[in-house]
Each structure stands twice: as structure tokens, then as C-alpha cells.
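Asks: predicted model and sequence below, questions to follow.
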Amino acid sequence: MSKMKTSRALAKRLRVRKSGSMKRKYAFHSHILTKKTTKRCRHLRQRAAVDPGNLEAAKKMMPYS
């Protein structure tokens, strides 16, 4: 049986934690930052956990993580 392929698009966006959960970046922090408040930009720099509803699908797309 051949190897399962990892979704490269997803692998570039997510990182797996030791506990098995995944972390992701917040959206809306790439451009048009002038109209966003400093506090909002600062909080968007943090990482967030992948929602449990999407976690199972993400794990299937990254089988070797």
C-alpha cells in the first residue's frame, strides 16, 4: 500500500502541539492594518487552537503529524 499524502497547503498553515491539538494563525493580520487598532493587531499576532469541529478533518489531511 502506498503512503498517504499530506495536504501541503494545510501543513504550511498548521502546527501540531505535543498534546495532539493543532495551532493556527488568526486571520485579518496580513494587510490593511492601518484601520485596525493597536490592541487588535497585537492580539492577532497570537496563535489560536484549531476548533474541535475542524480538528478531525485536519488530522486526516496531515496523517504523519
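Replies: Alright, I've got the coordinates. In this text the structure is predicted, and so the values were computed from the model without any measurement.
Asks: need the pLDDT of the one residue sitting closest to the centre of the chain.
Replies: The residue lying closest to the centre of the chain (CA atoms, centre = their mean) is residue 24, at 2.4 Å. On pLDDT, residue 24 comes in at 97.
Asks: just residue 39 next, same as before
Replies: As predicted, residue 39 sits at a pLDDT of 98.
Asks: check residue 64 too.
Replies: Model confidence at residue 64, given as pLDDT, is 89.
Asks: how about it: what's its closest non-neighbour residue?
Replies: Setting aside the residues directly before and after it, residue 64 is nearest to residue 6 in space (CB to CB, 6 or more residues apart in numbering), at 6.2 Å. C-beta here means a position set from N, CA and C on the backbone, and glycine is covered the same way.
Asks: is that neighbour in a helix, a strand, or coil?
Replies: coil (DSSP: H, G, I helix; E, B strand; the rest coil).
Asks: neighbours around it, how many?
Replies: Per other CB atoms under 10 Å, the neighbour tally for residue 6 reads 13.
Asks: okay but it is in contact with residue 65, surely?
Replies: Yes: counting by CB atoms under 8 Å, residue 6 sits close enough to residue 65 to count as a contact (7.5 Å).
Asks: so who does residue 50 touch?
Replies: Counting by CB atoms under 8 Å, 6 or more residues apart in numbering, residue 50 touches 14, 21, 22, 23, 24, 58.
Asks: quick one: contacts for the residue lying closest to it once chain neighbours are set aside?
Replies: Nearest non-adjacent residue to residue 50, counting by CB to CB, 6+ apart: residue 22, 4.2 Å away. Residue 22 is in contact with 14, 15, 16, 49, 50, 55, 58, 59, counting by CB under 8 Å, 6+ apart.
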